Structures are given as structure tokens and as C-alpha cells.
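Undergrad: Pasting the sequence and the predicted model now:
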Amino acid sequence: MAAMNQDSRPAPRWRRVVLGLVDRTRADDWHLGLLTAAAVIGVLGALATIAFREVVTLAERALYGRSDGLVQAASHLPALERLFVPALGGICAGIVLAWARKSVSAGSSSDYMEAIALGDGQLAVRGSLLRALSSAITVSSGGAIGREGSMVQLAALVGSLFGRWRRAALPRRRLLVACGASAGVAAAYNAPIAGALFVAEIVLHSVAIESLGPLIVAAVAANLTTSQLFGYHPVYHMPMLAEPGGLATVVLALLGLIAGFGAPVYLRLLDLARHAFARWKAPLWARLGAGGLAVGAISVVEPQVWGNGYSVVNSMLQGGWLAPALLAVLVLKLLAVASTAGSGAVGGVFTPTLFVGAAVGGLFGALVRLHAPGLMPEALAIAVGMGAFLAASTHAPLMSILMIVEMTGNFGLMLPLMLSCVLAYSLSRVLQPESIYSEAAGSAAPTPATAMAVDFLRSDPAVVAEGASLDQLEQAFVHFRRPHVYVLGADGRFVGAVSIHDLAPFARQQRGRGGDWQALVRRDFPTVGDQTPVWRVLETFATHAGERLPVLDAAGKLRGYVSKSDLVLMFRERLGGAAH
């Protein structure tokens, strides 16, 4: 940079005030900047989930002339149409999905869990959109799978695009994608706390505030968008329940044990279905078509297997189901979910898992009612069954407890849910170490041993030219709000750094006389090279109390800086994943 003329005019009083605040607070963009980004991603992610929801609703209206749910649509279709509509939908969804797989370039991902846990936070735009289209076709044609998986994927895509636009460093890109996923879960289920914990427990394997804080902000922003602006409400409706007595809570603990035994069987069934379809060397469209045909055949007998099961679970929560009917719909729904998910259809198994838990809880409630009438309301056993089965399948008990409470709006469930979910999780973890999301979440994530400083490079350093005036140096501190400003020579080489703690008293002494500040430059300020290994960067940080280190190229020119928060976040994620 060219040298600048000295300016002897006194600095404005407001700038002196700002310099004093910067000196005292050492303002850091990690908290404010990241939380602001999380809020923006939360709003945009919620809009993406709403768009997907409306596309599916429009498709249902176009196909069936109604939009009151897939179960109602299936019930009013002739048996022959009920048989073939899911098959035709599966074929079309398979064609689109094959196109999506071809469009994903090397180095990018079309799955948000993989992008967060294993990848570089880059989600393939075309691949994600085509996968969402494939999912919309499967869901609207009656596939027994959740639409929420694609809603979360689209919200995560928003986070990926935001990180790409901001040129965020690797750990922060991953966290921005995680914020999008948190927003998607919160918007899909109207459950902001559980949405944040879903990503924290299942994907990041960490509930540290550095990552949980942005996830919560994104989830709250998404929930406010869907509930306040668009009027979405809790997805499950049940009578408000008072906190159950001690005996009912203890009895419901048995339901937790049943879920702990049953969830591994459920996961095994899904695995067997996936392996069976994988062994069939048919085109993807044929496999999805076969899965749809299986769902169609089951729906000829029981139309309530269509879709993700929201309406059926809501019906269970209102009561009146007999045990034989519950058992029949449970078995048939399991077969339908296995057929759809096993064929490779895009969608979530989160909501079908809730359906299975509700049916198991209903059967347990019927058994209790037979031997101890009046001990507990039927809806209580169903809701606790949903939470316990979810905890046992996902290995995320805290998320499961809060998910059921938020989705039903019923805080009277808290105590029995806490006990049953923990028991279900503990037993399931012993019997089946892998959860329903273990493969996608990347339990075997690579270590950062080969990462270098350039992988974490941030390109907005606070700089000033070596020949700048005192006034221009003060402006740089006010503009960047950093504790250090880097000084560059005319050729862009790094000269050193000036600390706000040194500048503030010096500027007060000068009182606008434009004194020479060059003596304030610390020319031995620690730096790292762009090819410096991460472990050596950490060694440098161990002797440097600051948040940032300048990154230089081989010629000594400043390329940017690395942030201590980015490195800590990466290692926290990796250590959390290893511990999990």
C-alpha cells in the first residue's frame, strides 16, 4: 500500500469514545457475527421448509383434489388406484433421484449430516434441490416416509450457501450448515429447543455453548417465522394432562424398557430392507417403484399406511383405538416404512419412528388399562411411547424428551418422559451401539491431523499502511473493532501489529497532534504460514493470548488470519464425536 500523508487534525470525539470501548471490551465478531448469521439462516431456512410443504400440498391437491392429508386421500381412492399410485410415484422419484446423483460433483455432498460431520460444509445445490423434488414426489404419491427430511435438507442448504457467500472458514461453514439444519427441524416440528438439540446431540455430538448458542438462535428464528408469520402450530394435538402420580411414572418406566428392546429390532428391520433392495441389481427407478408397489399393496388392506402418519398418531392421541386395530396398523406400517426407506427413497424416518412409538405406547396403555383401570390416561402412554422409542432409536434422550413436550405443548409429560427416555436410550445403546443416524452423521469422522492454516483462512484482516497517519490508524481500529491492527509495507508484506491497549493512551497524549505511532508497532508479533499444520498453529496460540494470528504466504505477504475460535470449534466437534 502507498504511504499516506500525515493528518494533524484532531480526531472526532466520538471516535475517541469508540476506541475506549474497543480497548475495554476487545470486541470479537465470533459471538455477535455468528449469532446474527444464525438468525438470518433461521428465517431463510424456515421459508425454505414452508416452500417445500406448500409444494407437497399443491401436488396432493392436483393428484387427489383434496389437501386434508394422504390418509384421507388414500381412503377415498379406488383400490386399483391405491395400489398403483405409490408405484408410479416411486418410478418418477427414482428417475429424479438418479439425475440428482449424477449432478453431484466430486468434493461436494448432497446430505447435510455428511457435510457437517465429514465434509467441508459444502452442499451441492442442484443435487439438494433434485433430491427434494424426488422426496416431494415420493411423499405426495403416498410413500410411507417423512417429508421432514427434505425440509431439513433445504434449510441446511441455506446455511451452506450463506457460508459460501461469507467465505467462512471450514469449522464455521460446518456450523452454519448445522444452524440451517436446526432451523429446519424447528420449523418442521414446531420445536425450537428440540431442533437445536437434534443437531447438537446427533450430528455435532456436543452441547457446548460455542455451537449450541447459534443452533438455538437459528431454531428460535425459524420457529418465530413459521408460528408468528405463517400461523403453524404444534403438530400433535392431545388433551392437556396433569403431572401423573408416582405409580404411573414408575409403570411407564416399563414402557421405556420395552422401547429399549424394540428399537434395535426396528433398526434391524430397516437395515434388512435396505440390504435386500441393494442386492437387487435393478435401476434406481425400478427399486423405488417396487418399494412404492409394496406400499400400494399394503394400503389396499389398510390405507392408513400412506404418508408419514401424522393424522393417525393424532387420532391415537384422541383415544378410542382398540388393541387389535393398533397392532394391525403397527405391523402394516412397519412393512410400509421398510419398503419405502429400504428402496432408497429420499425422506426422513424420524416421523415414522414417532408413529411406531405411538402405536407401541397405545398397546402398552391398553395392557395397563386391562389390569389397572384408571391408572393413567391413554394419551399419556402414547406420548411417552413416542418419546421413549425416539430416544432408543436416535440415542438422543434429551432431544427426545423436549421434542415430545414441544410437539404436544404438554409439559405434564416431562417427568415420565425423562425416566422412560433415559431407560430406553440406555438399554438400546447396550443392545445396538449404532443409532438410526450413525452412518449419516459420520461416527468415524477423520482427524484434523492433516489440516493446515490455509484451511481456516479468514480474509477480512484489520490492516493499515506503514505510512498511514494516526487518524487513519484510529479509523482502522474503529472500523474493524479488533484488538490488533496489522501494519503492511508498500509491497503488502507484513511489518507487525499495533495493539489497541498501546494506541489508546498514546492517542490521548497526542491530543490530535498527529504524533508518529511507528514506535507502537510490535515487529515480533507472532505469525503463521499458510501451509503451517494446525497442530503448530495451536502451539503458537499457546504463547499468544489473542483471538487471531496473521497468516503469511511464502513471500511474507499477508493472506488473512486464523481464528482461535474456529480451531477450538473443530477440535471440540472431533473430540465430541470420538467420545460419542
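TA: That came through, no problem. Numbering: from 1, shown residues only.
Undergrad: On the secondary structure side, give me the element for the closest residue to A359 other than its chain neighbours.
TA: Nearest-residue entry for A359: L330, 3.8 Å, with adjacent residues in sequence omitted and distances by C-beta to C-beta, 6 or more residues apart in numbering. C-beta here means a position set from N, CA and C on the backbone, and glycine is covered the same way. Following DSSP states H and E, one finds L330 within helix 323-342.
Undergrad: now could you export just the CA positions of that helix as PDB?
TA: What follows is helix 323-342, C-alpha atoms only, in PDB (Å, rounded to 0.1, in the frame of the first residue of the first chain):
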ATOM      1  CA  ALA A 323     -55.700 -53.100  20.800                       C
ATOM      2  CA  PRO A 324     -56.200 -55.400  17.700                       C
ATOM      3  CA  ALA A 325     -56.500 -52.300  15.400                       C
ATOM      4  CA  LEU A 326     -53.400 -50.800  16.900                       C
ATOM      5  CA  LEU A 327     -51.400 -54.000  16.500                       C
ATOM      6  CA  ALA A 328     -52.600 -54.400  12.900                       C
ATOM      7  CA  VAL A 329     -51.700 -50.800  11.900                       C
ATOM      8  CA  LEU A 330     -48.300 -51.100  13.600                       C
ATOM      9  CA  VAL A 331     -47.300 -54.200  11.700                       C
ATOM     10  CA  LEU A 332     -48.500 -52.900   8.400                       C
ATOM     11  CA  LYS A 333     -46.900 -49.500   8.900                       C
ATOM     12  CA  LEU A 334     -43.600 -51.200   9.700                       C
ATOM     13  CA  LEU A 335     -43.700 -53.100   6.500                       C
ATOM     14  CA  ALA A 336     -44.600 -49.900   4.500                       C
ATOM     15  CA  VAL A 337     -41.800 -47.900   6.100                       C
ATOM     16  CA  ALA A 338     -39.300 -50.600   5.500                       C
ATOM     17  CA  SER A 339     -40.400 -50.900   1.800                       C
ATOM     18  CA  THR A 340     -40.200 -47.100   1.200                       C
ATOM     19  CA  ALA A 341     -36.900 -46.400   3.100                       C
ATOM     20  CA  GLY A 342     -35.300 -49.700   2.000                       C
END
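Undergrad: same question for the next helix or strand after it, mean pLDDT?
TA: Using DSSP H and E, the next helix or strand after helix 323-342 towards the C-terminus is helix 350-371. Helix 350-371 carries an average pLDDT of 94.
Undergrad: Which other helices and strands does the helix holding L330 contact?
TA: When contacts are defined as 3 or more C-beta pairs under 8 Å, 6 or more residues apart in numbering; DSSP states H and E, helix 323-342 sits against helix 246-279, helix 284-301, helix 310-318, helix 350-371.
Undergrad: sorry, back to before: does the residue nearest to A359 really touch A358, like I thought?
TA: No - L330 lies out of contact with A358 (C-beta atoms under 8 Å); the separation is 9.0 Å.
Undergrad: Make a markdown table from the helices and strands packed on helix 323-342 and add mean neighbour count and distance to V521 to it.
TA: Converted to a markdown table, the helices and strands packed on helix 323-342 look like this (neighbours: other C-beta atoms under 10 Å; distance: least, C-beta to C-beta, whole Å):
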| stretch | mean neighbour count | distance to V521 |
| --- | --- | --- |
| helix 246-279 | 18 | 61 |
| helix 284-301 | 23 | 63 |
| helix 310-318 | 20 | 64 |
| helix 350-371 | 23 | 56 |
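Undergrad: who wins for proximity to P171 among the ones you listed?
TA: Among those, helix 350-371 comes nearest to P171, with 26.3 Å by C-beta to C-beta.
Undergrad: quick one, whichever helix or strand comes after the closest one and helix 323-342 angle?
TA: As assigned by DSSP H and E, the chain's next helix or strand after helix 350-371 is helix 378-394. Per axes from the mean of the first three to the mean of the last three C-alpha atoms, to 10 degrees, the angle that helix 378-394 makes with helix 323-342 is 30 degrees.
Undergrad: Now do the buried residues in helix 378-394.
TA: Of the residues in helix 378-394, 378-394 count as buried by neighbour count, 16 or more other C-beta atoms under 10 Å.
Undergrad: Centre of the chain to the helix or strand just after it, how far?
TA: Moving toward the C-terminus from helix 378-394, the next helix or strand (DSSP H and E) is helix 397-408. Relative to its chain's centre, helix 397-408 lies at 16 Å (C-alpha atoms, centre = their mean, to the nearest Å).
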